[in-house]
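*Asks:* The following comprises the amino acid sequence and a computationally predicted model.
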Amino acid sequence: MKAAAVLNLSPVKLAISVGGIYTSYIYFGLIMEKLFNTDYSGQNRPAGTYDRFNFGFATSLFQNLFSFLLAAGVNRFYYKQTESKMDLKSELIIGGCSFGSVFMASQALAYVPFPVQAIMKSSKIISILLVSLLLGFKSQHTKSQYLCGFIITLGIVIFNFTEGKHKGGNDEINIIGILAILVSLFCDGFLGTTQGEIKKKCNPSQWDQMESLNKWAGLICLTMANLTFQMGGFIKFVIEHPLVVKDLVLLAVLGTFGQVFIFYTIANFSPLILSIITTTRKFFTVLASIVIYHHQVSMIQWMAIGLVFAGVFFEMLSGKPKHDAKNEHHPLPTEDIEAKVILGKEESTTRRAVPA
């Protein structure tokens with residue numbers, strides 16, 4: 001009877017997962033792009049003739065604050081947990097990697113158009129492979145995974161370096177933006193590679209990790225903002241353009257709720273389902289950005305987009321672990337960094353029930 005009830009509820013739960021993640025993160029991406037390309041003076045001046053928002057640390061800081069408050073509230077009032085199970089080193093690792101990933105990804109938008117950032121950030125498989133090689137974990141991955149990595153990289157290279165006509169603004173690709181995304185991907189890969197060890201050593205809960213991650217990421221972000229003298233510029237920008245606060249708060253709320261829907265999805269479905277939802281979400285985010293913000297994309301670039309997502313889906317769908325211990329296949333975490341960081345689950349982890 002219970003099994004039948006769960007089966008009947010699955011379509012509803014799946015609809016909640018898809019709807020929540022799609023709504024939160026597609027809207028999140030569009031607001032993020034708007035943030036870095038809007039004239040907040042209200043004068044509607046031509047692109048390049050006004051002071052643009054380029055404070056990537058602020059997007060990270062607002063998200064860290066909102067997510068920390070939510071996680072801390074759940075831990076204190078629901079689970080009655082006052083201390084983290086993780087040691088300081090583990091907390092700093094996930095906090096530092098999260099800060100690097102989010103900050104560099106958002107900062108890149110000051111130099112490259114959003115579709116470039118979104119396409120490259122869809123290639124976390126590349127970062128995992130590269131970091132695994134650097135840390136000596138080459139044997140953990142199969143030839144098919146490296147093939148997928150090559151396909152995705154090829155698609156990204158074609159998309160980024162295919163000459164096409166662009167409309168002013170921020171559609172010109174800048175090497176600084178590309179480097180920022182690569183650093184963000186490295187942080188993703190390092191976190192994905194070390195997260196399993198933290199899980200084995202400390203076994204923190206989902207909300208424990210969320211609280212610790214956002215606490216330290218926020219403190220690191222605040223420290224860096226002051227050391228690089230960006231905080232003064234940000235405060236000046238907010239005073240002159242108070243409308244930016246609305247988008248920063250909206251961005252933080254969407255990011256926080258997006259994390260909650262990821263919790264919900266992983267608690268009710270397998271990591272593969274989460275990967276499919278988040279990967280397709282990225283694709284639709286790119287499409288929405290191209291349509292709403294009128295990015296001009298050539299036919300060759302459309303083919304490159306298809307190549308990237310074909311590679312991601314192929315790796316994702318062929319990532320089932322083999323039962324032979326000697327040739328065990330370790331699927332790469334192609335889901336969003338939020339899921340890897342918050343849930344602390346290795347890819348082969350089975351879904352776990354959580355309190356309703």
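*Replies:* Right, received. Where do you want to start?
*Asks:* any weak-confidence spans in the stretch 151-300 of the chain?
*Replies:* Counting by pLDDT under 70, the stretch 151-300 of the chain contains low-confidence ranges at 163-173, 192-196, 271-272.
*Asks:* Now with 50, please.
*Replies:* When residues are selected by pLDDT under 50, those of the stretch 151-300 of the chain lie in 164-170.
*Asks:* So which residues of it form helices?
*Replies:* 175-202, 206-227, 230-240, 244-268, 271-292, 299-317 (DSSP state H, counting those that start in this stretch).
*Asks:* I'd like to know which of those is closest to Thr82.
*Replies:* helix 206-227 (10.7 Å; C-beta to C-beta). (Each C-beta comes from the backbone N, C-alpha and C, glycine too.)
*Asks:* Can you list the helices and strands that the closest one packs against?
*Replies:* Applying 3 or more C-beta pairs under 8 Å, 6 or more residues apart in numbering; DSSP states H and E, one finds that helix 206-227 makes contact with helix 56-77, helix 88-108, helix 230-240, helix 337-343.
*Asks:* Pick the most buried one from those helices.
*Replies:* Using mean count of other C-beta atoms under 10 Å, the stretch among the helices and strands packed on helix 206-227 with the largest mean neighbour count is helix 337-343, at a mean of 24.
*Asks:* Could you give the average pLDDT over that helix?
*Replies:* Mean pLDDT, computed over helix 337-343, is 42.
*Asks:* same deal with stretch 98-114?
*Replies:* On average, stretch 98-114 scores 88.
*Asks:* just to revisit the earlier point, can you tell me which of the helices of the stretch 151-300 of the chain is nearest to Ala110?
*Replies:* Of the helices of the stretch 151-300 of the chain, the one closest to Ala110 (C-beta to C-beta) turns out to be helix 175-202, at 7.2 Å.
*Asks:* okay, the angle between that closest one and helix 206-227?
*Replies:* 140 degrees (axes from the mean of the first three to the mean of the last three C-alpha atoms, to 10 degrees).
*Asks:* Which other helices and strands does helix 175-202 contact?
*Replies:* By 3+ C-beta pairs under 8 Å, 6+ apart, helix 175-202 packs against helix 88-108, helix 114-121, helix 124-134, helix 337-343.
*Asks:* again, 10 Å this time
*Replies:* helix 88-108, helix 114-121, helix 124-134, helix 143-161, helix 206-227, helix 337-343 (3 or more C-beta pairs under 10 Å, 6 or more residues apart in numbering; DSSP states H and E).
*Asks:* Turn those helices into CSV, columns for distance to Leu61.
*Replies:* Putting the helices and strands packed on helix 175-202 into CSV (distance: least, C-beta to C-beta, whole Å) gives the following:
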stretch, distance to Leu61
helix 88-108, 9
helix 114-121, 19
helix 124-134, 23
helix 143-161, 29
helix 206-227, 5
helix 337-343, 17
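*Asks:* Lys282: which of those helices is closest?
*Replies:* helix 114-121 (6.1 Å).
*Asks:* one step back: among the helices and strands packed on helix 175-202, which comes closest to Ser298?
*Replies:* That would be helix 143-161 among these, by C-beta to C-beta, at 9.5 Å.
*Asks:* Return the set of buried residues in the closest one.
*Replies:* For helix 143-161, a neighbour-count test (16 or more other C-beta atoms under 10 Å) marks 145, 148-149, 151-153, 155-156, 158-160 as buried.
*Asks:* just stretch 241-259 next, same as before
*Replies:* Per 16+ other C-beta under 10 Å, stretch 241-259 contains these buried residues: 241, 244, 247-248, 250-259.
*Asks:* Dump that stretch to PDB, restricted to CA.
*Replies:* Coordinates of the C-alpha atoms in stretch 241-259 are reproduced here as PDB (Å, rounded to 0.1, in the frame of the first residue of the first chain):
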ATOM      1  CA  HIS A 241      22.200  53.300  -7.900                       C
ATOM      2  CA  PRO A 242      20.000  52.000  -5.100                       C
ATOM      3  CA  LEU A 243      17.900  50.000  -7.600                       C
ATOM      4  CA  VAL A 244      20.700  47.400  -7.800                       C
ATOM      5  CA  VAL A 245      19.900  46.200  -4.200                       C
ATOM      6  CA  LYS A 246      16.500  44.800  -5.500                       C
ATOM      7  CA  ASP A 247      18.300  42.600  -8.000                       C
ATOM      8  CA  LEU A 248      20.900  41.500  -5.500                       C
ATOM      9  CA  VAL A 249      18.300  40.400  -3.000                       C
ATOM     10  CA  LEU A 250      16.200  38.700  -5.700                       C
ATOM     11  CA  LEU A 251      19.300  36.800  -6.800                       C
ATOM     12  CA  ALA A 252      20.100  35.700  -3.300                       C
ATOM     13  CA  VAL A 253      16.500  34.500  -2.700                       C
ATOM     14  CA  LEU A 254      16.400  32.600  -6.000                       C
ATOM     15  CA  GLY A 255      19.700  30.900  -5.200                       C
ATOM     16  CA  THR A 256      18.600  29.900  -1.800                       C
ATOM     17  CA  PHE A 257      15.300  28.500  -2.900                       C
ATOM     18  CA  GLY A 258      17.100  26.700  -5.700                       C
ATOM     19  CA  GLN A 259      19.200  24.900  -3.100                       C
END
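*Asks:* so how far is it from its chain's centroid?
*Replies:* 16 Å (C-alpha atoms, centre = their mean, to the nearest Å).
*Asks:* Compute the distance between the spatially closest residue to Asn64 that is not a sequence neighbour and Gln63, please.
*Replies:* Distances taken as C-beta to C-beta, 6 or more residues apart in numbering put Gly218 closest to Asn64, at 3.4 Å, once the chain neighbours are dropped. When distance is defined by C-beta to C-beta, to the nearest Å, Gly218 is 9 Å away from Gln63.
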